[in-house]
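> need coordinates for the following:
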Amino acid sequence: MMTSLLTSEGLADYREHGLTIVPGVFSHEECDALIEHMMDWQSGRKTIEGMSVREPDDWGRTLNQHFRDPVALQWLLDPRLRPMLHDCLRAEPAGVQTMYFFKGSTQGRHQDQYYLPACMSAWIALGEVDQDNGTIWVQKGSHQKHLLMAAELDHASGQDFSNGEVYHEELEKIFEHNATAYGCKEVPAEAKKGDVVLFHGIAIHRGGPIGVPGSFRHVLANHYVPESFEAWPYGQWPRYGFDGTRHADTDESEGYPLHPNEVTNFDAVANQQPVY
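Modelled structure (predicted):
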């Protein structure tokens, strides 16, 4: 395994705050190449097998592109990420999700481990990311507090991802309690081109306001779990090891869900415990 680019100070920040930024992991040339790849696909100049052609004004994020796109899979499993993820997870990492953002997202506050148990994120800035183009905001220290679980929301089918209004109302209560009872502050994660923002899957975060409407904010958000995590509830959802192994209950020919909404084993997710 390569030497970790995450310093001891950076790891200490991650442990204390649930957030740290690792500078200059990827070169400007690498970032530009991925942006070009994605802009060529979005414009129709390039096709990716299994990914439908988009409308010219469709700048929404992609989800689990690595299932179809070898370029995205290469970025998910880049060897420079492996040691820093190992440091944070205290275990060998496995890649589970990719999301490419062309522009900033104003998504409400959420915790990634509600959807992807035991996960953490490596959020790769492919260009300058700041409050003008809509960076994420993270509540520091919230990763050590309460993880909202589906069982608390009284969903008839366990993990009901479609019932967002109830979820966000309850999470706002937790956010406010963290702020008033523990002094947890919400901060913007501003990053330079090629930086990697690491944050814990229990940390409460959101998409911030976009200061310059219409501006681009190219980011690749990867998610990982410990490879040894045996309670992964999505049997059809593959986990990819950095050694090239693929872990899933089915092979690729049988297909796989592209989003937690497509998973039917709700109860298995609802009964997960937080992984700190």
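
> now the end-to-end length of stretch 124-139.
Terminal residues of stretch 124-139 lie 19 Å apart, using C-alpha to C-alpha, to the nearest Å.

> and that stretch, which residues are buried?
Across stretch 124-139, burial judged by 16 or more other C-beta atoms under 10 Å covers 124-127, 129-130, 132-139. Every residue, glycine included, has its C-beta placed from N, CA and C.

> with stretch 229-236 instead?
For stretch 229-236, a neighbour-count test (16+ other C-beta under 10 Å) marks 229, 232-234 as buried.

> just the residues contacting stretch 69-82, thanks.
With C-beta atoms under 8 Å, 6 or more residues apart in numbering as the test, stretch 69-82 has contacts from 1-2, 5, 25-26, 34, 37, 48, 51, 62, 65-66, 93, 95, 98, 100, 122, 124, 196, 220, 222, 240, 242, 244.

> and those, which are buried?
5, 25-26, 34, 37, 48, 62, 65-66, 93, 95, 98, 100, 122, 124, 196, 220, 222, 240, 242.

> what about those, which are in helices?
34, 37 (DSSP state H).

> so of the buried ones among the contacts of stretch 69-82, which ones are in strands?
Under the assignment DSSP state E, the buried ones among the contacts of stretch 69-82 contribute 62, 93, 95, 98, 100, 122, 124, 196, 220, 222, 240 to strands.

> out of those, who's nearest Gly10?
Proximity of those to Gly10 (C-beta to C-beta) peaks at Val196, which lies at 10.2 Å.

> how close does that closest one sit to Ala248?
According to C-beta to C-beta, to the nearest Å, Val196 and Ala248 sit 26 Å apart.

> which SSE is Leu11 in?
Under the criterion of DSSP states H and E, Leu11 resides in helix 8-17.

> now do the strands in the chain.
Using DSSP E, strands in the chain cover 19-22, 62-63, 93-103, 120-125, 136-139, 186-188, 196-200, 205-207, 216-226, 239-241, 246-247.

> can you lay out the ones you listed as a markdown table showing mean pLDDT and distance to Met149?
Formatted as a markdown table, the strands of the chain follow (pLDDT from 0 to 100; distance: least, C-beta to C-beta, whole Å):
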| stretch | mean pLDDT | distance to Met149 |
| --- | --- | --- |
| strand 19-22 | 98 | 22 |
| strand 62-63 | 92 | 23 |
| strand 93-103 | 96 | 19 |
| strand 120-125 | 98 | 18 |
| strand 136-139 | 98 | 18 |
| strand 186-188 | 98 | 22 |
| strand 196-200 | 98 | 16 |
| strand 205-207 | 96 | 18 |
| strand 216-226 | 98 | 17 |
| strand 239-241 | 96 | 22 |
| strand 246-247 | 90 | 24 |
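
> so which of the ones you listed is nearest Glu169?
Set against Glu169 and scored by C-beta to C-beta, the strands of the chain come closest in strand 205-207, at 14.4 Å.

> how far off centre is the closest one?
On the basis of C-alpha atoms, centre = their mean, to the nearest Å, strand 205-207 sits 11 Å off its chain's mean C-alpha point.

> show me what it is in contact with.
Contacts of strand 205-207 with the rest of the structure, by C-beta under 8 Å, 6+ apart, involve 104-111, 134, 136-139, 199.
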